[in-house]
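1. This is a predicted model, with the sequence first.
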Amino acid sequence: MLTLSNVHYRYQQDWMIFDAKIAPGEIVAVLGPSGAGKSTLLSLIAGLIAPDSGEITIDGKPVTTTPAHQRPLSILFQEHNVFTHLSVFDNMAIGLSPSLKLTASQRDSIHQAAHAVGLNDYLPRLPGQLSGGQRQRIALGRSIARNQPLLLLDEPFSALDPALKKDMLALVKRTAQAQGTTVVMVTHHPEDAQAIASQFLYLDEGQVRLHRPIEALNHPPEMMQGYMGTADDSFWVASP
């Protein structure tokens, strides 16, 4: 369970206040207009910024003041997910051991993760020798190898071509379900949320306004229709 209880964060002259409970193994999309606080929410969970008050717990353990590197989670951003001077293998390994000194079990974990993301044949290569989609697979493979209970995604696939993005979302969903990972994914695209998530949070003006099953996007609540760009519910019915 990921819980945010009355988490306050002051941004410039405004307060953001977050309350949410996300069940273990859920894949939750975070939607909302620009400036609503989506990336701030992820940064608070990850420990990249500190709240002014409130409590964050992961699996029942308070992490509000826990340093980012000690929190039981992985996070993927749109950019800067790989180290260009390290091989694909070492890029994955650094998530398990910053010194790159690995046990036999850790090496096995990396090979299993590389197989899961389709990079077994690329482990000796440098990221510059790979495509953009393959580089994002490196970062996802690192997260799979780490096998943390929580994965945060801050639009890591938004720059990919539609077909590649679809493949990456499917891969995230498949591996998260296999590992029992809880996923929180920020996206600007409702169709991406529908492709992967079981629930969604809708943020506006620094607060969680809605927490609904993903099926609710088929007929968006009134407060979301301006964000969605249409008042016609039928427009957003998910494709079969």
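-> Thanks, I have the structure now.
2. low-confidence ranges in this structure?
-> In the predicted model of the chain, residues 80, 230-240 satisfy pLDDT under 70.
3. At which residues are the strands of it located?
-> 2-11, 14-22, 27-31, 53-58, 61-62, 73-77, 150-154, 182-186, 199-204, 207-213 (DSSP state E).
4. Give me the most central residue, this structure.
-> Central residue of the chain (CA atoms, centre = their mean): Leu153, 1.9 Å from the mean position.
5. OK, contacts around the closest residue to that residue other than its chain neighbours?
-> Nearest residue to Leu153, sequence neighbours excluded (CB to CB, 6 or more residues apart in numbering): Met185, at 4.0 Å. Placement of C-beta: from N, CA and C, glycine included. Neighbouring residues of Met185 by CB atoms under 8 Å, 6 or more residues apart in numbering: Ile27, Val28, Ala29, Val30, Leu152, Leu153, Val172, Asp192, Ala193, Ile196, Ala197.
6. Kindly recompute the last result at 10 Å.
-> Residues in contact with Met185 (CB atoms under 10 Å, 6 or more residues apart in numbering) are 27-31, 38, 42, 76, 151-157, 169, 172, 176, 192-193, 196-197, 200.
7. before we move on, the earlier item: next one: the residue nearest to the centre of the chain from Leu171, what distance?
-> 12 Å (CB to CB, to the nearest Å).
8. what's the overlap in contacts for the two?
-> Leu140, Ile196.
9. This protein: helices as residue ranges?
-> 38-46, 88-93, 104-116, 132-146, 162-179, 190-196, 225-228 (DSSP state H).
10. Only the buried residues of the last one, if you could.
-> The one in question is helix 225-228. Neighbour counts over helix 225-228 (16 or more other CB atoms under 10 Å) mark Tyr227, Met228 as buried.
11. Contacts only, for Leu150.
-> Counted by CB under 10 Å, 6+ apart, Leu150 has contacts 2, 22, 24, 45-46, 58-59, 63, 71-75, 181-184.
12. And the buried ones among these, selectable in PyMOL?
-> Buried residues within the contacts of Leu150, by 16+ other CB under 10 Å, are selected in PyMOL with:
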select buried, resi 2+22+45+46+58+63+71+73+74+75+181+182+183+184
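13. beta partners of Phe200?
-> Note on Phe200: beta-bridge partners by DSSP bridges are Ala29, Arg212.
14. okay, now it: neighbour count?
-> 25 (other CB atoms under 10 Å).
15. Could you double-check that it lies in contact with His211?
-> Yes. Shown here, Phe200 and His211 form a contact pair, counting by CB atoms under 10 Å, at 7.6 Å.
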